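Asker: my questions are about this predicted structure, shown below with the sequence.
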Amino acid sequence: MTGVRAGRSVTVGVEGIRRPPGLGRLSGFCSRALRAAGFSSWNVAVLLCGDERMRDLNERYRGLPRPTDVLSFPREQERREGPVAGDIAISVETLARNALRFGVSENDEMKRLLVHGLLHLAGMDHGRGKGRAMLVRQARILDGLRPDVIYGENEK
């Protein structure tokens, strides 16, 4: 890829919420998930925010004036073999509601949202047609990384 240095970089930032403990575990988890998915290089930024910021992002980029759990913003890639690159935003308030609704821990929901966002950055989609392949791949990656504790009430 022209002008982009291949590497393995994951940064995590927080905006408008209290900084969760153990934030560094999120970047390590993303790196392990990307390796498990078969990617060799990446440049990813993750933003943890609240519903208000997520509502603004969702309205600006998707025209939907409501918060959502995760948004992915892939960087332009000149060729398919380039690194997985882009930004992921996660609303921790929506994440907490999802965890309750789905009967899972916030830790498991964070992992699901991160892997989901990473696969979108890699060009996968779960819309019509081939969408099932993305969700199957997501489940396989998560199954392989289950023991990881990276977020929420299970955090050590």
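Answerer: Sure thing, it's come through.

Asker: contacts, neighbours, all on C-alpha from now
Answerer: Will do.

Asker: where in this protein is pLDDT low?
Answerer: 1-6, 77-82, 127-131, 146, 153-156 (pLDDT under 70).

Asker: what helix or strand is the residue nearest in space to the middle of it on?
Answerer: Central residue of the chain (C-alpha atoms, centre = their mean): residue 114, 2.6 Å from the mean position. Using DSSP states H and E, residue 114 sits in helix 106-121.

Asker: does that helix pack against any helices or strands, and if so which?
Answerer: Using 3 or more C-alpha pairs under 8 Å, 6 or more residues apart in numbering; DSSP states H and E as the contact test, the elements touching helix 106-121 are helix 24-36, strand 70-74, strand 84-91, helix 92-102, helix 131-144.

Asker: how many degrees apart are that helix and helix 92-102 in direction?
Answerer: Interaxial angle of helix 106-121 relative to helix 92-102 (axes from the mean of the first three to the mean of the last three C-alpha atoms, to 10 degrees): 110 degrees.

Asker: how far does helix 106-121 sit from its chain's centre?
Answerer: Here the centre of helix 106-121 is set off from its chain's centre by 4 Å, with C-alpha atoms, centre = their mean, to the nearest Å.

Asker: give me the contact list for that helix.
Answerer: Contacts with helix 106-121, where a contact means C-alpha atoms under 8 Å, 6 or more residues apart in numbering, come from 29-30, 33-34, 69-75, 84-88, 90, 95-96, 98-99, 125, 134, 138, 141-142, 149-155.

Asker: buried only: go through these for me.
Answerer: Neighbour counting over those (16 or more other C-alpha atoms under 10 Å) leaves 29-30, 33-34, 69-74, 84-88, 90, 95-96, 98-99, 125, 134, 138, 141-142, 149-152 as the buried ones.

Asker: contacts only, for residue 83.
Answerer: 6, 7, 39, 40, 41, 42, 43.

Asker: out of those, which sit inside strands?
Answerer: 42, 43 (DSSP state E).
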